[in-house]
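Novice: Dropping a prediction and its sequence here:
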Amino acid sequence: MTRPRLLDLFCGAGGAAVGYHQAGFDIVGVDIELQPHYPFEFMLGDALEIVARMGPEFDAIHASPPCQAFTAYRRRGNEVGDGYPDLIEATREFVVDSGRPYVIENVPGSPLRNHIQLCGTSFGLDVRRHRWFESNIAMLAPPCNHNQPRRFPQATNRENMRRTVEIGVWRIPLDVQQQAMGIDWMTLPELTEAIPPAFTEYIGTQLLAYLEAAA
Ligand SMILES: C[S@@+](CC[C@H](N)C(=O)[O-])C[C@H]1O[C@@H](n2cnc3c(N)ncnc32)[C@H](O)[C@@H]1O
């Protein structure tokens, strides 16, 4: 049986991609920057231009548009959006136009619609990483599990232990951060931008069930 094909927009080094592959999809990734560690077929280019041209050739579409407008900028107390490209609205228009089941992923606080939230702790990972997912199919989400034992050192010199591993911190060994995310092929900057594959394996299983029911 042929595997369904998923177009992975704004693919980075492939955190989302590997989860969808584990769920049972064949993957083609698209990024505006070269991604030498991306583990599947890769296309260099603008995500919106490529989905407009090729989206209908795929069975499902995932998009992780850049989220800087809703993280660092917000923490500095500014209004969302000024000076940063907001690709979320544009991405939604293009993926809806494709007519395919879609998933858009972003950080908490971003302007997603009817999102579910996933957390690393829901999947037994040592990472407290919340991400939102919008879709045009109904999705379930498991609850967080924030009460893990305190067993990880801080990135600073503080003595109390943490329940989860901080990601994107130079003072914590890369392999510890990789293990916490369930990713062993990325550099630290790539890991910082990624989502754990466990998130999209969970979502991909629901997408596959939808595609099978619709067939
Ligand atoms: C948050 S990262 C994606 C992380 C990835 N989903 C993962 O789990 O590993 C966003 C990516 O969008 C890419 N990007 C930004 N603008 C783009 C565009 N117009 N077209 C395609 N990719 C773009 C960036 O180069 C970056 O790699």
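Specialist: Sure thing, it's come through. Residues are numbered from 1 along each chain as shown.

Novice: tell me which parts of this structure are close to the ligand?
Specialist: By CB under 6 Å from any ligand atom, the residues of the chain that approach the ligand are 10-16, 30-33, 46-47, 64, 66-67, 193-195. (Each C-beta comes from the backbone N, C-alpha and C, glycine too.)

Novice: Taking those residues, please make a ChimeraX selection of just the buried ones.
Specialist: Buried subset of those, written as a ChimeraX selection, criterion 16 or more other CB atoms under 10 Å:
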select :10,11,12,13,14,15,16,30,31,47,64,66,67,193,194,195
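
Novice: Which ones among the residues of the chain next to the ligand map onto strands?
Specialist: Counting by DSSP state E, the members of the residues of the chain next to the ligand that fall within strands are Val30, Asp31.

Novice: Am I right that Ile183 is in a strand?
Specialist: No - residue state for Ile183 (DSSP: H, G, I helix; E, B strand; the rest coil) corresponds to coil; a strand is not indicated.

Novice: surely it meets Pro196?
Specialist: Yes - using CB atoms under 8 Å, Ile183 and Pro196 qualify as a contacting pair, with a distance of 7.0 Å.

Novice: what is in contact with the two at once?
Specialist: Both Ile183 and Pro196 are in contact with Gly15, where contact means CB atoms under 8 Å, 6 or more residues apart in numbering.

Novice: more crowded one of these two?
Specialist: Pro196 (25 against 21; other CB atoms under 10 Å).

Novice: I'd like to know the phi and psi angles of the more buried one, please.
Specialist: phi -60, psi 130 (degrees, to the nearest 10).

Novice: and if you look at Leu7?
Specialist: Per degrees, to the nearest 10, the residue geometry at Leu7, taken as phi and psi, is phi -90, psi 120.

Novice: Asn114 too?
Specialist: phi 50, psi 50.

Novice: Following the chain past the worst-scoring helix or strand of the chain on mean pLDDT, name the next helix or strand.
Specialist: Among the helices and strands of the chain, helix 72-75 carries the lowest confidence by mean pLDDT, DSSP states H and E, at a mean of 44. Moving toward the C-terminus from helix 72-75, the first helix or strand encountered (DSSP states H and E) is helix 88-97.

Novice: Give the other helices and strands that that next one contacts.
Specialist: Under the contact criterion of 3 or more CB pairs under 8 Å, 6 or more residues apart in numbering; DSSP states H and E, the helices and strands touching helix 88-97 comprise helix 47-54, strand 60-63, strand 102-106.

Novice: how about CSV for those, with distance to Arg5 and mean pLDDT added?
Specialist: Output for the helices and strands packed on helix 88-97, formatted as CSV (distance: least, CB to CB, whole Å; pLDDT from 0 to 100):
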stretch, distance to Arg5, mean pLDDT
helix 47-54, 10, 96
strand 60-63, 8, 98
strand 102-106, 14, 98
